[in-house]
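Asks: here is my input; please provide its structure:
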Amino acid sequence: MDDKNTKLYGQETAEHNTKQDIINLVYVALSERGYNAIDQMVGYILSGDPSYITSHRNARNIITRVDRDDLIEELLRNYLGKK
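Replies: The predicted structure follows:
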């Protein structure tokens, strides 16, 4: 098998994803399960209760590894177009 075409599949972790990737992954996972992703993510960020986030795609485990303050900072930076 050619190494250039080999892909590794495994659990995604916060260490290997940017905060933006994590936010997107959680959004997709919630949407795929039929939840209002924005409302669920706001609930999690405000309360810290991980039950707002689905375990689909390991989203709950991934998002809880990132500090909620860091998530808010990332969202504001993207909203304001700042780096």
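Asks: how about Tyr52, phi and psi?
Replies: Backbone torsions of Tyr52, given as degrees, to the nearest 10, read phi -70, psi -20.
Asks: look up how far Leu80 lies from it.
Replies: To Leu80, Tyr52 is 25 Å away according to C-beta to C-beta, to the nearest Å. All C-beta spots, glycine's among them, are computed from the backbone N, C-alpha and C.
Asks: repeat for Val66
Replies: From Val66 to Leu80 the distance is 20 Å (C-beta to C-beta).
Asks: Tyr52 and Leu80: which has the busier surroundings?
Replies: Tyr52 (20 against 8; other C-beta atoms under 10 Å).
Asks: residue contacts, that one?
Replies: Residues in contact with Tyr52 (C-beta atoms under 8 Å, 6 or more residues apart in numbering) are 40-41, 43-44.
Asks: including distance to Ser31, could those residues go into CSV?
Replies: Below are those laid out as CSV (distance: C-beta to C-beta, whole Å):
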residue, distance to Ser31
Gln40, 10
Met41, 11
Gly43, 15
Tyr44, 15
